[in-house]
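J.: missing the sequence, but the structure's below:
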């Protein structure tokens, strides 16, 4: 509920206040993402992506909206799972045949291990 009901809606509100037209979604909406339990027993309701149906995202973008997608999805029975957001972004980008996927982070450990780009941004 925190990701879908609070964080997602706060991001949507900020984008809308800045002049965008954002819409909040999660993987359960429109069966956007289907999940299965993560292989590691004992981690609770953590899941892995099994399928992405990007039609709702394509429709929103075509209509001029900015989709803000929380990384919560359900399995075939409706059980909700939290999925790593980077994994969801990558799977969604692949399903959309995206030209690029840009990930932003403020996590120092990730930044320290990342090689510096050899081209201007």
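T.: Sure, I can see it. Computed from a predicted structure; not experimentally measured.

J.: For stretch 79-89, give the distance from the opening residue to the closing one.
T.: Stretch 79-89 has an end-to-end distance of 21 Å (criterion: C-alpha to C-alpha, to the nearest Å).

J.: let me fix that: stretch 74-83
T.: One end of stretch 74-83 sits 10 Å from the other (C-alpha to C-alpha).

J.: Name the surrounding residues that touch that stretch.
T.: 3, 27-28, 33-38, 45-50, 71-73 (C-beta atoms under 8 Å, 6 or more residues apart in numbering). The way it works is simple: take the backbone N, C-alpha and C, and place the C-beta from them, glycine included.

J.: ok, now with 10 Å
T.: Here stretch 74-83 makes contact (C-beta atoms under 10 Å, 6 or more residues apart in numbering) with 1-4, 26-28, 31, 33-38, 43-50, 70-73, 91.

J.: Backbone torsions only: list them for residue 63.
T.: Dihedral angles of residue 63 (phi, psi; degrees, to the nearest 10) stand at phi -90, psi 0.

J.: give me the number of residues near it?
T.: 9 (other C-beta atoms under 10 Å).
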